[in-house]
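Peer 1: let's see this in three dimensions:
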Amino acid sequence: MKRHSPVVTFFYRLVKEKPMGTVGAVLVILLFLVGIFADLLAPYEYNDTDMKAVLEAPSVQHWLGTDNVGRDVLSRVIYGARISMIVGLAASALDAIIATLIGVISGYFGGKVDLVIQRFVDAVIAFPSLFFYLSVMAIVGPGLVQVIFVLGILQGIGSSRLIRSAVIGTRNNVYIEAARSLGASNTRILLRHILPNVMAPIIIIFTISMGGVIIAEASLSFLGLGIPAPMPSWGGMLSGAGRRYMMQAPWLVIWPGLALSLAVYGINMFGDALRDLFDPRLRGGVGGLGEYAARKVQKELEKRQAKLNARINK
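Peer 2: Numbering: from 1, shown residues only. Here you go, the predicted model:
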């Protein structure tokens, strides 16, 4: 039987079973491409001003219009995609790393270690997220690096509970006890047996948290504690001039708001599809055998059984 790689199987099932997830994946890819090639796609620099074209409506020269100081809105939206991509990727990666460290240690060792860590996690997630973000950002100050670290660390602490649950479900398996009885160290067990079995939740955390991170960054920038001016952030574009001139020049809020909505929608749809495909408890999940993989295994077993029966009959 012809075997396909896991990547080919994954994308085949994504397109066939999750059409909205496929649409989300396309939007995510477009976001990344626009962010990477912003210098080539943007017709102007994000901070180029033209005082003769202040609050100009969409035209041939400025497809999406200009703002209150004559900056091209299209260029700023395109460069804003780069900011969202950087913050989304970096903060989500930090989120996944922090969640994995806390969740693996807490779930594997249990006992007093788990008790102390979980009470700390409870204390952090007890605060409303936006309130916590604002409080910490007011201390460290606005900036791209600060936003990435604050969002990544604080979201990672909350996400650690998902990893902890997966580790608790894995540590009681027979092969973990067998490895421990053979003298394997905790480090070896964690790296060789625990982490590979919780990679699906880690991937899901990384993907799903991107939408929340981008929204949180936009919220902080809207309130003046995120990405500092004149760097273009979709949330920052909705604040300031966008809020002040939205009745006179509605394109100042329509386009960055639409870009933010499409990006978060695409990431959430893609993340939901990943969760469904990787969760073995759901129909057809690839985290375990799943219906799709089970059919392939069943056909392979039937072929081998037929060959074995033929040899016995001879």
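Peer 1: scan this protein for its longest helix.
Peer 2: When every helix of the chain is counted residue by residue (DSSP state H), the longest turns out to be helix 73-109.
Peer 1: show me what counts as buried in that helix.
Peer 2: Along helix 73-109, the positions that meet the burial threshold by neighbour count (16 or more other C-beta atoms under 10 Å) are 73-96, 98-100, 102-108. To be clear about C-beta, it is placed using only N, CA and C from the backbone, and glycine gets the same treatment.
Peer 1: repeat that for stretch 130-142.
Peer 2: 132-134, 136-137, 142.
Peer 1: now it: how far from the chain's centre is it?
Peer 2: Stretch 130-142 has its C-alpha centroid displaced from the chain centroid by 22 Å (C-alpha atoms, centre = their mean, to the nearest Å).
Peer 1: might you list the low-confidence residue ranges for the stretch 51-200 of the chain?
Peer 2: Residues of the stretch 51-200 of the chain meeting the criterion pLDDT under 70: none.
Peer 1: show me where it has its helices.
Peer 2: 73-109, 111-125, 129-140, 144-171, 174-181, 186-189, 195-197, 199-222 (DSSP state H, counting those that start in this stretch).
Peer 1: let's have those in JSON lines, adding distance to residue 50.
Peer 2: Output for the helices of the stretch 51-200 of the chain, formatted as JSON lines (distance: least, C-beta to C-beta, whole Å):
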{"stretch": "helix 73-109", "distance to residue 50": "11"}
{"stretch": "helix 111-125", "distance to residue 50": "47"}
{"stretch": "helix 129-140", "distance to residue 50": "33"}
{"stretch": "helix 144-171", "distance to residue 50": "26"}
{"stretch": "helix 174-181", "distance to residue 50": "65"}
{"stretch": "helix 186-189", "distance to residue 50": "60"}
{"stretch": "helix 195-197", "distance to residue 50": "54"}
{"stretch": "helix 199-222", "distance to residue 50": "24"}
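Peer 1: between these, which gets nearest to residue 46?
Peer 2: For the helices of the stretch 51-200 of the chain, distance to residue 46 was read as C-beta to C-beta. The smallest value, 4.1 Å, belongs to helix 73-109.
Peer 1: now the closest one against helix 199-222, angle please.
Peer 2: Comparing the axes of helix 73-109 and helix 199-222 via axes from the mean of the first three to the mean of the last three C-alpha atoms, to 10 degrees yields an angle of 140 degrees.
Peer 1: what is helix 73-109 packed up against?
Peer 2: Contact partners of helix 73-109 among helices and strands, from 3 or more C-beta pairs under 8 Å, 6 or more residues apart in numbering; DSSP states H and E: helix 19-36, helix 38-41, helix 111-125, helix 144-171, helix 199-222, helix 234-238, helix 251-278.
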